[in-house]
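Peer 1: Okay, sequence plus prediction incoming.
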Amino acid sequence: MNTCKFKNRKTMKILFTWMVMAVSLWFLAACQDVTPGYLETDNAIYKPDTLVIRSELDDDPGEINPTYELYLGFGYSPDMIVNVLGIPERINEGEDYYRAKWGAPWTSVAIQGVLGTNPIYMEVGNITSQDGVPEKLREYISVGGNGAFEVPLEHDIPAGSYKITLNVHNEGYSHDLVDCFTIIVK
């Protein structure tokens, strides 16, 4: 006994063809305008969220550590004295002595909590200040792929407190993290 409600096989084939086309169109329509990947910045944070930059460096070389000289006289290598015994070469040196000696830039920590499809790009957005000159900071500041800000050791940025907005973006998504970091120039 034939349980098919359609008496004609041709009608059944046409109906099946229309159903396949409808499902195919539905899939194609569902795939349009879908942005690839994702970008989440809800938990993005800098810890600490402030970097203090000094215009006047405390680069006083201090003095040679007498204990260091004593061990050097005993025949220990400088590497052994500093790295193994933990005795510093110099004492009473200025806070910025080694930064000035090596020309190290002022660098913040990397941003945490940014998730998304790679590559993720970071750009310095808006810079605001109540008592400084944001345009001058913009000339010197850069941001790395991990969100760490960098300002060269040698600069002429006026003293002040600067709030920085970071633009985080990848293919199809863009988020501004408004006033997420502060740079204080003293």
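Peer 2: It's in.

Peer 1: From now on I want contacts and neighbour counts done on CA atoms only, so please keep to that.
Peer 2: OK.

Peer 1: Pull up the pairing partners for the longest strand along the chain, direction included.
Peer 2: Counting residues, the longest strand in the chain under DSSP state E turns out to be strand 173-185. Strand pairing for strand 173-185, using DSSP bridges, gives strand 50-53 (parallel), strand 160-170 (antiparallel).

Peer 1: ranking those by burial, who's on top?
Peer 2: For those, the largest average neighbour count (mean count of other CA atoms under 10 Å) is found in strand 160-170, namely a mean of 20.

Peer 1: What are the structural domain limits within this structure?
Peer 2: 1-34, 39-59+104-185, 60-93 (automatic domain parsing).

Peer 1: looking at the ones you listed, which is buried most?
Peer 2: domain 39-59+104-185 (a mean of 16).

Peer 1: Now find how far off-centre that one is within its chain.
Peer 2: Centre-to-centre, domain 39-59+104-185 and its host chain are 8 Å apart (CA atoms, centre = their mean, to the nearest Å).

Peer 1: now do stretch 75-89
Peer 2: On CA atoms, centre = their mean, the centre of stretch 75-89 falls 35 Å from that of its chain.

Peer 1: from now on call the first residue 21
Peer 2: Let's use 21 as the start, then, which means that last one is stretch 95-109.

Peer 1: What lies in contact with it?
Peer 2: Stretch 95-109 has contacts (CA atoms under 8 Å, 6 or more residues apart in numbering) with Ile84, Asn85, Thr87, Tyr88, Tyr91, Leu92.

Peer 1: Swap in 10 Å and give it another go.
Peer 2: Glu83, Ile84, Asn85, Pro86, Thr87, Tyr88, Glu89, Leu90, Tyr91, Leu92 (CA atoms under 10 Å, 6 or more residues apart in numbering).

Peer 1: Name the nearest of those residues relative to Gly123.
Peer 2: Closest approach between the contacts of stretch 95-109 and Gly123, by CA to CA: Glu83, at 20.2 Å.

Peer 1: Wait, the closest one touches Glu89, no?
Peer 2: No: when contacts are counted by CA atoms under 10 Å, Glu83 is not listed as touching Glu89 (11.0 Å).

Peer 1: what's the overlap in contacts for the two?
Peer 2: With CA under 10 Å, 6+ apart as the test, Glu83 and Glu89 both reach Glu109, Arg110.
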